[in-house]
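> here is my input; please provide its structure:
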Amino acid sequence: MLALTAAVPRHAAAQAPSITVISRDGRKPLPTTPINGQDYIAVEDIHAAFGTSAREDRLAGGLTITARGRSIVLTENQNVVSVAGRLTPLPAPPLRRDGRWYVPADFLSRALSPALDVRLDLRRSARLLVVGDLRVPRVVARVDAGTTNVAVTFETTPNTDARVTAQQGRLVVQFDADALDLAVPIMPAQTFLLGIAPGDSPTTVTLALGPRAASHRVTATPADAGTGRVTIDLLPAATDAVPAPAPAPSAAPDTRLVIPTLGPSTGLRTVVIDPGHGGDEHGTQGASGTLEKDITLSVARRLRTLIETRLGLKVFLTREDDRSMTLDDRSAYANNHRADVFLSIHANSAVRPALKGAEVYYRTVERADAEARKKADENATTLPALGGGNRTIDLILWETSQARYLEPSATLAGLIEQALRPRIEMSPRAIQQAPFRVLVGANMPAALVEVGYLSNADQETQLATANYQDQVAQALLEALVKFREFLGQ
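Now for the predicted structure:
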C-alpha cells in the first residue's frame, strides 16, 4: 500500500489551485505552479507526497528520481524522460527555476505511476489524482426545474449504485464508491431546492430542501454505455397550489442578467468533443512552439467543464490526453456514444502569416446533396421484433452518415459563428463547407471549429492564453444552448 503524506507548499502565494490526491489514506492537496500555461509540480512536493528521493547532476543538467528502487531520469528542457530504462514522452519539459525542479502534472500518470507500479489516474478537468484501484466515478448533477416540481438527475460514469436517505430538511445521496469526482451546477435557490453540495463523507451528496418540497420520488435508469442515471423528483404537498405569476412591473425595463431554469433536455443529451490531433500528430505549430494538439485539448477540457456544470449534459472527449487517433475512429467514437452533437476543435495555419481569425466548418458532400440524402434515408431494413410486429433498423453507409444531417449541421455551424463573433476575431470567411474526413462518418449534427491561426504571431500568443481559450469555450457553450432550443422546436 502506498502511504501518502501531506505536501506542504513553500511558496503558496504563487500557487495555482492544488490537485487533490485521493487514496486509501484520504484526501491531500498537491500544490501546482502555473508555468508557460501548464500546471507544474515541484519535485520536492512529489517527494513529500509519495516518498520518492532525487539526486541532481548539475554538470549534465539532469535529475534522477528514485521511486521504489526504480529510476526516473530527467533532463532540463527535454520532453522525454527515462523510466527504468524506457523512454516516456511528456507534454512539456521538466524545468529548473530558482534552484527547484518542476515537472508537468502529466509526469504523475506517465512517469511516476509505472515507477511506483501504482495506478495514478490524473483527471485534469476536476484537478484530481486517483491513487490505486479506487472506485471514483464521475458524478454530474443536472437540475430540471418546473412550476410544480424539481427533478435532480445524477449521471454516474461508470454506472454506480446510489441510495437516497431523507433527513431533517435534506436528502442524502450515498454512492457505492470510494470517493466521487463530482460536478454540480451553479443554480439560484428555489422553493423546492435550496442547493446541492458534497455531503459529510467523500461518497455522499446533499440536497438542501426548500419549503415546497414535501416528498420525493427516486427513479433509476438502466446503464447506457457504462453510464447510470438516478433521478430524484422533489414533489409538493397534495394541497399545494401553483402560485400565480406576479404582474409585470410598469417601471423601466429590467437590465439585469436573468439565469433561466433548465427545462427537460429535448434532443440534446450527449455531446462528444474532439480535440484535434494528439500523440505523434502535433498538428500545426506556431513560430514560438505552440502546438495545435495542446490548444485543442485545453479548449475541449474547458468546454466539457462548462457543459457539465452549466447544462448538466453527458460529455465525452475523443481523447483525454496526448494520444493519437485516426479520423474515422473519432467520428466512430461519437457514433458509439450516441452523441447528439459532435464538435471537432482545431487550430489553423496558412502560408501567409497575416491571415488570422476563427472559422467554422460543416460537412459538404461531394455528390449531389439530394442524392446523398436519399441514399442515407433509403438504407434501412425491417427485422422482426420481440412480441410480434416488425422494427425498422437504419443501415447507414459510412460515406453518407453526415448527409442526412446537413441542415442541422449548417444551423449548428451558424450558431457557433454567431456566438464566437462578439468574443474573438473571425476570419473574413468565418463559416464554410468542406469535405473534412473527421465529419464524414458522424451520424449526428457535426461541426469543425478552427479557433485561430497559429501561423499568425499575434494569434499564436492569444491562443496560448487561458482567457482566449475560455472565450472560445463560452461561445461554444452558448451555441449549444441555442442549438438545444432549435432541436426543441
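> neighbours around Leu108, how many?
Per other CB atoms under 10 Å, the neighbour tally for Leu108 reads 23. For glycine as for every other residue, the C-beta is placed from the backbone atoms N, C-alpha and C.
> look up the closest residue to Leu194, ignoring the ones flanking it.
Spatial nearest neighbour of Leu194, excluding adjacent residues (CB to CB, 6 or more residues apart in numbering): Ala208 at 4.0 Å.
> quick one: which helix or strand includes the one you found?
strand 204-209 (DSSP states H and E).
> buried residues, that strand. List them.
204-207, 209 (16 or more other CB atoms under 10 Å).
> what of stretch 432-450?
436, 438-450.
> I figured Val205 hits Gly199, correct?
Yes - Val205 is in contact with Gly199 according to CB atoms under 8 Å; the separation is 5.5 Å.
> overlap of the contact sets of the two?
Jointly contacting Val205 and Gly199 under the rule CB atoms under 8 Å, 6 or more residues apart in numbering are 172-173.
> and the residue nearest to Val351 when sequence neighbours are not counted, how far from Pro188?
The shortest distance from Val351 to any non-neighbouring residue, by CB to CB, 6+ apart, is to Ser455 (7.8 Å). Applying CB to CB, to the nearest Å, the value for Ser455 to Pro188 is 44 Å.
> looking at these two now, which is surrounded by more residues?
Ser455 (21 against 10).
> can you tell me which residues contact that one?
Ser455 neighbours (CB under 8 Å, 6+ apart): 284, 286-287, 348-351, 353, 355.
> now Ala111
72, 81, 83, 88, 90, 103.
> which of the buried residues of stretch 432-450 fall in helices?
Under the assignment DSSP state H, the buried residues of stretch 432-450 contribute 438-440 to helices.
> related to what we said a few turns ago, quickly name whichever of the buried residues of strand 204-209 is closest to Asn336.
Closest to Asn336 out of the buried residues of strand 204-209 is Val205 (29.0 Å), distances taken as CB to CB.
> can you give the domain ranges for the chain?
What the record gives for the chain is the domain set 12-131, 138-235, 270-487, from automatic domain parsing.
> buried deepest among these, which one?
Of the domains of the chain, the one with the most neighbours on average (mean count of other CB atoms under 10 Å) is domain 270-487, at a mean of 19.
> what's the end-to-end length of that domain?
Terminal residues of domain 270-487 lie 13 Å apart, using CA to CA, to the nearest Å.
> cool, and stretch 37-53?
So stretch 37-53: terminal residues 27 Å apart, CA to CA.
> show me the shaky parts of the stretch 351-489 of the chain.
Residue ranges of the stretch 351-489 of the chain with pLDDT under 70: 364-403, 489.
> and what of the stretch 201-350 of the chain?
Short version for the stretch 201-350 of the chain, where the test is pLDDT under 70: 222-226, 238-266.
> for it, what spans make up the strands?
Using DSSP state E, counting those that start in this stretch, the strands of the stretch 201-350 of the chain run over residues 204-209, 215-224, 227-235, 270-275, 314-317, 341-348.
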